[in-house]
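Novice: Sequence and predicted structure, then a few things I'm wondering about:
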Amino acid sequence: MARSNHQGGEQSKTGQKHETEHEPAPSARRVKTEKQQTLEESLNNDKSPENEKADNIASEQVDKPEARKQSAVRPGQEPDVPPNIQEKGIIYFFIRGRVNIDDPKTVDDVARTFILLRPIEKDAKLGDGPIGDARNNRLLALPKKKLPRSGKDRFMIFVEKSNASFKNLKKSFLAGADYETKTAGTRHTPAATPVGEGVYALTSTGRESHLVYMLTIPEKLDSAQKDLGIKEKGSFIISTKNPNYGGPASARLPENPKFPKKVIDEFRSLRWLPSKPIHLDYPNAQLLLVGESSGIEKALEPQEKDDENGAQKPEEFIESLAEEDLQRMRHLTGQQSESIYADLQAQAEGYPRLKTTF
């Protein structure tokens, strides 16, 4: 795994155990009196005026041409892309505590786990600086809270947001919110808490697709990551459900994904398809994650045509990306929590810090 060596109180030297980090959720909250629609739809503008203004300035900077040029993404600098790499990018892991629980003490205190994917060009390398906002972020929600660890674990996950900007994510995902209920009065939905950052790839082995990742932050796994099933290097078989087939009432969403006809036609009469990047671009798409206890080997198994085309081996390809991301995150700011929020164009102050222990 790429090793982080952030300074400034979080990680003064390699191998030092991370301390549990958390800050209170933003102090100023907008009280909602209308009917709550969904968990994430209720999360809006839960920031103090000062932090809101700072976040808006950070978001507006991405619209400037010079800001886009300063993105860490360097397209066209990685010519030898293995053919089984369908997509690559930056991955973030978040959790949200149950109602009125800002600082979860156990996994039971967690309401939901989230995976945030920020795709980059397959032929891109990473330089210094924030990743930049291409407004192509995808937020995946995992109701089971724990990631699947082995083939026995088969967990549903769904696309909550797609093509989202960082500004949108700050207002509708990162922040917490207060809302009114008729029976229990004011209820508090906590802010999202980061538990990891790294790189990912969506790969194809022909009959299956895999979501594989390598963690960059935190440098050393602690109890929070282990309890949630986050590994230094992990992989899942990932499949997309045919929206024309129903499911148990507990797993149904209010609406089906609005897949284009070409995607629907690919399903034919099949209930599942190996996931493709386009499937993740539609909210309410339902995906199945199956754990792989063997690690990342199967997901990054070289194909015969790799040697024929002179492409890198897939594992080397992702390890190189992880090392680039490590160096990038080291140079962003002094602490790991601040690096994650700086990448998302948010001010770390007022948001929960990187959680490494329960």
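Specialist: Happy to help now that I have it. Worth saying up front: this structure is predicted, and the values here are computed from it rather than measured.
Novice: For this protein, just list every one of the strands.
Specialist: 31-32, 73-74, 85-97, 110-120, 125-126, 137-142, 154-164, 177-181, 185-189, 192-204, 209-217, 233-241, 272-274, 286-291 (DSSP state E).
Novice: Compare the ones you listed and report which one is nearest to residue 358.
Specialist: Shortest distance between residue 358 and the strands of the chain, using Cβ to Cβ, is found for strand 110-120: 9.0 Å. Every C-beta, even on glycine, is put in place using the N, C-alpha and C of the backbone.
Novice: which non-adjacent residue is nearest residue 352?
Specialist: Spatially, and ignoring its direct neighbours in sequence, residue 352 is nearest to residue 193 (4.0 Å; Cβ to Cβ, 6 or more residues apart in numbering).
Novice: give the contact list for that neighbour.
Specialist: Applying Cβ atoms under 8 Å, 6 or more residues apart in numbering to residue 193 gives the contacts 22, 94-97, 104, 352-353, 355.
Novice: Grab the most central residue of this protein for me.
Specialist: What sits nearest the mean C-alpha location of the chain, by Cα atoms, centre = their mean, is residue 116, with 2.0 Å.
Novice: Got the confidence number for it?
Specialist: On pLDDT, residue 116 comes in at 99.
Novice: Over to residue 302?
Specialist: 86.
Novice: To what extent is it buried, counted in neighbours?
Specialist: When neighbours are counted by other Cβ atoms under 10 Å, residue 302 registers 15.
Novice: tell me the phi and psi of the closest residue to it other than its chain neighbours?
Specialist: Once flanking residues are discounted, residue 302 sits nearest to residue 313: 4.9 Å by Cβ to Cβ, 6+ apart. Backbone torsions of residue 313, given as degrees, to the nearest 10, read phi -70, psi 140.
Novice: Against residue 99, how distant is residue 313?
Specialist: 47 Å (Cβ to Cβ, to the nearest Å).
Novice: How about residue 195?
Specialist: 19 Å.
Novice: now swap in residue 271 and tell me
Specialist: Taking Cβ to Cβ, one finds residue 271 at 34 Å from residue 99.
Novice: of the two, who's got more company?
Specialist: residue 99 (14 against 11).
Novice: Give me the neighbour count for the nearest residue to residue 331 once chain neighbours are set aside.
Specialist: Among residues not flanking residue 331 along the chain, residue 128 sits closest, at 5.0 Å (Cβ to Cβ, 6+ apart). Counted with other Cβ under 10 Å, residues neighbouring residue 128 total 13.
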